[in-house]
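Colleague: Predicted coordinates and the sequence they were generated for:
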Amino acid sequence: MTPLPAIDDPAVLAEVEAAFDRYERALVTNDVAVLDELFWKSPTTLRYGATENLYGYDEIAAFRAARPSAGLARTVTRRVITSYGPSSATANIEFVRDGDRRIGRQSQTWVKMPEGWRIVAAHVSLIETGTKQA
């Protein structure tokens with residue numbers, strides 16, 4: 001039986017949390033260069049957005065370049081980051097935007113590459129406030 005990887009090693013968690021915080025700052029300030037840097041440059045990287053499905057780094061970068069920079073501010077209301085061994089992690093948040101009745105959810109899978117922590121898969125969705133989940 002294969003032993004389980006170390007879950008939530010404090011040093012690994014600190015690295016992932018720093019990478020995630022950098023991503024969040026770049027997102028709300030529309031720092032496209034940092035956002036592009038933090039997604040793994042691979043055709044297998046994907047991002048499912050609230051209104052789009054993006055397959056491969058090139059589609060993600062093109063979306064970022066064309067996206068309006070207004071209305072990006074948000075408040076993170078819940079955050080769960082978990083590391084699995086020394087080189088993989090997930091980051092999940094719930095967020096709200098001023099004047100929007102919906103709750104946003106964002107999930108990311110991070111992998112430690114030679115160049116640092118990179119997002120290999122991401123998903124963003126919105127639900128109406130008060131929606132019950134099964």
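Modeller: Now that the structure is in, tell me what you want to look at.
Colleague: check contacts around residue 76.
Modeller: 24, 93-95 (Cβ atoms under 8 Å, 6 or more residues apart in numbering). For glycine as for every other residue, the C-beta is placed from the backbone atoms N, C-alpha and C.
Colleague: make it 10 Å
Modeller: Going by Cβ atoms under 10 Å, 6 or more residues apart in numbering, residue 76 touches 24, 28, 93-96, 104, 106.
Colleague: want to throw those residues into JSON lines with neighbour count and pLDDT?
Modeller: Conversion of those to JSON lines gives the following (neighbours: other Cβ atoms under 10 Å; pLDDT from 0 to 100):
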{"residue": "24", "neighbour count": "17", "pLDDT": "96"}
{"residue": "28", "neighbour count": "13", "pLDDT": "93"}
{"residue": "93", "neighbour count": "19", "pLDDT": "98"}
{"residue": "94", "neighbour count": "15", "pLDDT": "97"}
{"residue": "95", "neighbour count": "20", "pLDDT": "96"}
{"residue": "96", "neighbour count": "15", "pLDDT": "95"}
{"residue": "104", "neighbour count": "19", "pLDDT": "95"}
{"residue": "106", "neighbour count": "21", "pLDDT": "97"}
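Colleague: Tell me which two of these sit farthest apart.
Modeller: Maximum pairwise distance in the contacts of residue 76, criterion Cβ to Cβ, is 15.5 Å, between 28 and 94.
Colleague: thinking again about what came up before, sitting in helices, which of the contacts of residue 76 do you find?
Modeller: Mapping the contacts of residue 76 onto helices (DSSP state H) picks out 24, 28.
Colleague: right, and out of the contacts of residue 76, which lies closest to residue 65?
Modeller: residue 28 (17.3 Å).
Colleague: Alright, that wraps it up for me.
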